[in-house]
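Novice: Show me the folded form of this:
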Amino acid sequence: MAKLVLVYSLVVLGLALACNAATYTVGDSSGWDISTDLGTWAENNKFVVGDSLSFLYSSSHSLEEVKKEDFDSCNTTNVIRTFTNGNTTVPLTEPGTRYFVCGNQLHCLGGMKLQVNVADNQAKSPIGAPQSQPGVTVTQPSSKRNNPASVVPSSAGSVYEGRDCIVMAFLGFVATMFWAVQL
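Specialist: Predicted coordinates:
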């Protein structure tokens, strides 16, 4: 019984440590598309190490990670990484600025590019401080026919942060204890 409690305590602790990470759907319901105001979308979200960006796009687009100078000039010949599968998840593993552009230079010049500022994970608000939830802004879906899908989840997803995360972990622990006592 003591070993079971120890194992479940470690699982709950691991959950509590990991549940601050969020997955952001780039552009929310409009996705990675030329009609999406990606600059405003990025400004309305706060990204930290451990979060992920989910890019959903049609076959007429691609995703390329580039350096700042290539981002500024929409240079699509000197890329760091290229993705073309239409559903790309990019983990944000370290603090700093990341730059993404559409591989079609005309789309990039039309504004289909994204600058993401990633803060260190310690920059999160302390427990008990007011926190904003990712994806609170409601955006209207794109009217373009190549919109990835109208059922694309918003950036909010099911993310627990701060005190909510600890409460969920504690409730899981209590439920586990009741279950273990009944065995």
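Novice: In which helix or strand does Val79 reside?
Specialist: Of the helices and strands defined by DSSP states H and E, none includes Val79.
Novice: any chance you could map the strands in this structure?
Specialist: 23-25, 47-48, 52-56, 63-66, 81-83, 87-91, 96-101, 113-119 (DSSP state E).
Novice: Now render those as a markdown table, adding mean pLDDT.
Specialist: Listed next are the strands of the chain as a markdown table, based on pLDDT from 0 to 100:
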| stretch | mean pLDDT |
| --- | --- |
| strand 23-25 | 95 |
| strand 47-48 | 95 |
| strand 52-56 | 95 |
| strand 63-66 | 96 |
| strand 81-83 | 95 |
| strand 87-91 | 95 |
| strand 96-101 | 97 |
| strand 113-119 | 96 |
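Novice: out of those, which comes closest to Val181?
Specialist: Nearest to Val181 among these is strand 23-25 (35.4 Å), distances taken as CB to CB. C-betas here are computed from N, CA, C, even on glycine.
Novice: elements contacting that closest one?
Specialist: Applying 3 or more CB pairs under 8 Å, 6 or more residues apart in numbering; DSSP states H and E, one finds that strand 23-25 makes contact with strand 52-56.
Novice: sorry, back to before: could you export the strands of the chain as JSON lines, including mean neighbour count?
Specialist: Below are the strands of the chain laid out as JSON lines (neighbours: other CB atoms under 10 Å):
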{"stretch": "strand 23-25", "mean neighbour count": "22"}
{"stretch": "strand 47-48", "mean neighbour count": "18"}
{"stretch": "strand 52-56", "mean neighbour count": "21"}
{"stretch": "strand 63-66", "mean neighbour count": "22"}
{"stretch": "strand 81-83", "mean neighbour count": "15"}
{"stretch": "strand 87-91", "mean neighbour count": "15"}
{"stretch": "strand 96-101", "mean neighbour count": "18"}
{"stretch": "strand 113-119", "mean neighbour count": "18"}
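Novice: Any idea how many residues pack against Pro95?
Specialist: Residues lying near Pro95 (other CB atoms under 10 Å) number 15.
Novice: With adjacent residues omitted, what lies nearest to it?
Specialist: Nearest in space to Pro95, with sequence neighbours left out and distances taken as CB to CB, 6 or more residues apart in numbering, is Asp120 at 4.4 Å.
Novice: residues contacting that neighbour?
Specialist: Each residue near Asp120 by CB atoms under 8 Å, 6 or more residues apart in numbering is listed here: 48-49, 95.
Novice: residues near Asn78, how many?
Specialist: Residues near Asn78, counting by other CB under 10 Å, number 11.
Novice: Now do Val66 against Val174, distance only.
Specialist: As judged by CB to CB, to the nearest Å, Val66 and Val174 stand 48 Å apart.
Novice: Need the pLDDT of Tyr160.
Specialist: What the model reports for Tyr160 is a pLDDT of 47.
Novice: what do you get for Gln122?
Specialist: pLDDT, Gln122: 69.
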